[in-house]
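Student: how does the following fold in three dimensions:
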Amino acid sequence: MSKLLKIPLYLLILFAVGACGGPPDLQGPDLSKSVVVPDVQGKSMIEANTILKNEGLYIRVEGEDYDPAVPEGFIVRQDIPSGNKVKEGREIKVIVSKGPRISMC
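Tutor: Predicted coordinates:
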């Protein structure tokens, strides 16, 4: 009897799949497109949300910080700088201004 016939069928299938580069991608090809991140710094939360939504992106408030130059409720900074390309559907994290720090002296 041939040595090939003594190898279990599942091992042959496993070898064949491995030789072809692994199992097929069950999710299919990545069809999401890249978009350019807009600048939302200095914008209100409502305005920034609208701008990002129009580009297929989402906003996520990551925190708040005091900033004397940016009014309370407006965006101080964003985690991905404007002009960078990201996949559509990505979250852009922002820090929202608490306004200027007030001293109690």
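Student: and the pLDDT for Ser32?
Tutor: What the model reports for Ser32 is a pLDDT of 74.
Student: and it, how many neighbours does it have?
Tutor: Other residues near Ser32 come to 12 when the count uses other CB atoms under 10 Å. C-beta: built from backbone N, CA, C; applies to glycine.
Student: wait, it touches Gly89, no?
Tutor: Yes. Assessed by CB atoms under 8 Å, Ser32 is found in contact with Gly89 at 6.3 Å.
Student: for the residue most central in space within the chain, which residues are in contact?
Tutor: What sits nearest the mean C-alpha location of the chain, by CA atoms, centre = their mean, is Arg90, with 3.4 Å. Residues near Arg90 by CB atoms under 8 Å, 6 or more residues apart in numbering: 57-58, 80.
Student: can I get the residues you listed in JSON lines with neighbour count and distance to Ile46?
Tutor: Written out in JSON lines, the entries for those read as follows (neighbours: other CB atoms under 10 Å; distance: CB to CB, whole Å):
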{"residue": "Leu57", "neighbour count": "22", "distance to Ile46": "15"}
{"residue": "Tyr58", "neighbour count": "13", "distance to Ile46": "14"}
{"residue": "Ile80", "neighbour count": "15", "distance to Ile46": "20"}
